[in-house]
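[1] got a sequence here, can you model it:
(one chain, ligands or ions: 2)
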Amino acid sequence: MVSQQQQATARPDDPRFLQIARKVRQGERLSLEDGLFLDREADLMSMGRLANEVREKRHGNITFYNTNIHLNPTNVCVYRCRFCAFRADLRDEKAYAFTDDQARERILEARSRGATEIHVVGGLHHQKKFDWYVNLIRVLHEACPEIHIKAWTAVEIAWFSFLTKKPVDWVLSEMKAAGLGSLPGGGAEIFHDEVRPQICEHKADGENWIRIHRAAHQLGLRSNATMLYGHVERAEHRLDHLLRLRSLQDETGGFQTFIPLAFHPDNTKLAHIPKPTARMDLRMVALARLMLDNFDHIKAYWIMLGEETAQVAQSFGADDLDGTVVHELIYHDAGAKTPEGLTVSKLHRLIQEAGRVPVERDTLYRRVVREGAKWSVEGELKMIGA
Ligand code: V47
Ligand code: SF4
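    Ligands and ions are numbered 1, 2, ... in the order given. Next comes the predicted model:
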């Protein structure tokens, strides 16, 4: 079997690469075959340089980041994804579920740190009803209405629809009314049916993930997209995934950013699979930048990639590093060695050392003007914050 981390073999002047470079420079869309060649064979440095051209044409020398905090409301989960080290059973010692007071405390902490965003994803608790999840959003929003709530993956939204027996539009509208601002990109994993049942049996499938993001976009909610790579999938599955995202983006334009997520094997049922190499990480960033010609942003999520690879990724197509990310659990449970949060000055350093100019954005990619913990978005006069 060919490894999914196979070394590239083609020369930089391979005619297939030259043809791809010509297409990219002329603004022509890359095909499935182009993507397969880039993923399996293309010379990594040439591919990175081409992705960097696209990135610099769109964003110049800027790398975006945001000031955010995470909240994983519960780790109890009815599913047993084989790549997940975070989940717990109801009676496990490590099982937890946030109370309203704990959630309020977390968002007040976010405010005192000057965060513009709270990122909320978690497990699907066996005993919690829809009201618990919607109430959590209400509590957060009422405590700090100025902080954008990016919450619930499509898998969670599908679960709420199952719990309430109501359509996805209804679930999303209730959440929006409670204060939901946008959807994160998680739960996408790998859409393809040859892979999905092997890594996350039973949970919402690829078609449902797409359907839920379409519904969110139609309700005016923006969302992100991810792809979990470096486990049992192969190039053709990754390309299928990227093309499905590209096609939904053509239809709705509702995606803001794509985040390739590097698989972290520790403490998971796939612990025998080695962690993706930095070469593979960089290839995925460049591949995404070249294939997703209708996505504005490609995020190099520093928590997953490690700080050094996230720095290099800024020259391989990425224009965003995510954020300060205080209280991250999902990747640290799976062995991520990065810190559980970074100060703004450390994020600035990560960006400046890579030769880029840091620009703080909010969740919707508007520029943030800041004085300490007080901030406003560009063009708005009122300063917000502690
Ligand atoms: O769907 C879980 C991934 C996702 C592991 O939208 C793992 O800005 C690697 O939604 N190794 C949830 N990945 C996280 C998520 C997210 C993260 C960052 C930014 C955004 C955004 C969204 O985390 C899951 C799954 O794909 N995940 N376990 C693991 N062991
Ligand atoms: Fe549950 Fe999410 Fe972990 Fe899957 S990835 S087991 S849905 S918490």
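[2] and the residue lying closest to I210 once chain neighbours are set aside, what pLDDT?
    Distance criterion Cβ to Cβ, 6 or more residues apart in numbering; nearest residue to I210, sequence neighbours excluded, is L248 at 5.5 Å. Yep, even glycine has a C-beta here, placed from its N, CA and C like the rest. Note for L248: predicted pLDDT of 98.
[3] around ligand 2, which positions in the stretch 1-150 of the chain sit nearby?
    C77, Y79, R80, C81, C84, F86, R87, G123, L124 (Cβ under 6 Å from any ligand atom).
[4] of those residues, keep whichever come out buried.
    With burial judged by 16 or more other Cβ atoms under 10 Å, the buried subset of those is C77, C81, C84, F86, R87, G123, L124.
[5] what about the second one, which SS state?
    Assigned with DSSP: H, G, I helix; E, B strand; the rest coil, C81 falls in the coil class.
[6] what's near enough to touch it?
    R87, E189, I199, C200, K203 (Cβ atoms under 8 Å, 6 or more residues apart in numbering).
[7] V168: which of these is nearest?
    Nearest to V168 out of the contacts of C81 is K203 (Cβ to Cβ; 14.7 Å).
[8] surely the closest one and R82 touch.
    No: K203 lies out of contact with R82 (Cβ atoms under 8 Å); the separation is 11.4 Å.
[9] more crowded one of these two?
    Per other Cβ atoms under 10 Å, whichever of K203 and R82 has more neighbours is K203, with 24 against 15.
[10] you'd agree that one is in a strand?
    No: counting by three-state DSSP, K203 is located in no strand; its state is coil.
[11] now it, what are its backbone angles?
    phi -80, psi 170 (degrees, to the nearest 10).
[12] for it, give its distance to R238.
    19 Å (Cβ to Cβ, to the nearest Å).
[13] pull the helix or strand with minimum mean pLDDT from this structure.
    helix 330-333 (a mean of 79; mean pLDDT, DSSP states H and E).
[14] let me know whether that helix sits next to ligand 1.
    Yes: against ligand 1, helix 330-333 shows contacts by Cβ under 6 Å from any ligand atom at I330, Y331.
[15] return the set of buried residues in whichever helix or strand comes after that helix.
    Under the assignment DSSP states H and E, the closest C-terminal helix or strand after helix 330-333 is helix 344-352. Across helix 344-352, burial judged by 16+ other Cβ under 10 Å covers V344, L347, H348, L350, I351.
[16] of the residues of the stretch 1-150 of the chain next to ligand 2, which fall within the contact range of ligand 1?
    Near ligand 1, by the rule Cβ under 6 Å from any ligand atom, you find C84 out of those.
[17] for the residues of the stretch 1-150 of the chain next to ligand 2, which one is nearest L242?
    Among these, C81 lies closest to L242 (Cβ to Cβ), at 20.8 Å.
[18] so how far is A334 from the closest one?
    For C81, the distance to A334 - Cβ to Cβ - is 11 Å.
[19] list residues touching both of the two?
    Joint contacts of C81 and A334 (Cβ under 8 Å, 6+ apart) do not exist.
[20] the strands in the stretch 151-300 of the chain, which residues?
    With strands called from DSSP state E, counting those that start in this stretch, the stretch 151-300 of the chain shows them at 180-183, 222-229, 255-262, 297-298.
[21] wait, does the last one contact ligand 1?
    No: applying Cβ under 6 Å from any ligand atom, one finds strand 297-298 out of contact with ligand 1, separated by at least 10.0 Å.
[22] right, and the helix or strand after that strand?
    Next along from strand 297-298, by DSSP H and E: helix 302-305.
[23] R55 reaches A313, doesn't it?
    No: R55 lies out of contact with A313 (Cβ under 8 Å); the separation is 9.9 Å.
[24] compare these two (neighbour count), which wins?
    A313 (32 against 25).
[25] for that one, which non-adjacent residue is closest in space?
    The shortest distance from A313 to any residue other than its chain neighbours is 3.6 Å, reached at A300 (Cβ to Cβ, 6+ apart).
[26] same deal with G48?
    Excluding its sequence neighbours, the residue lying closest to G48 (Cβ to Cβ, 6+ apart) is F316, at 4.1 Å.
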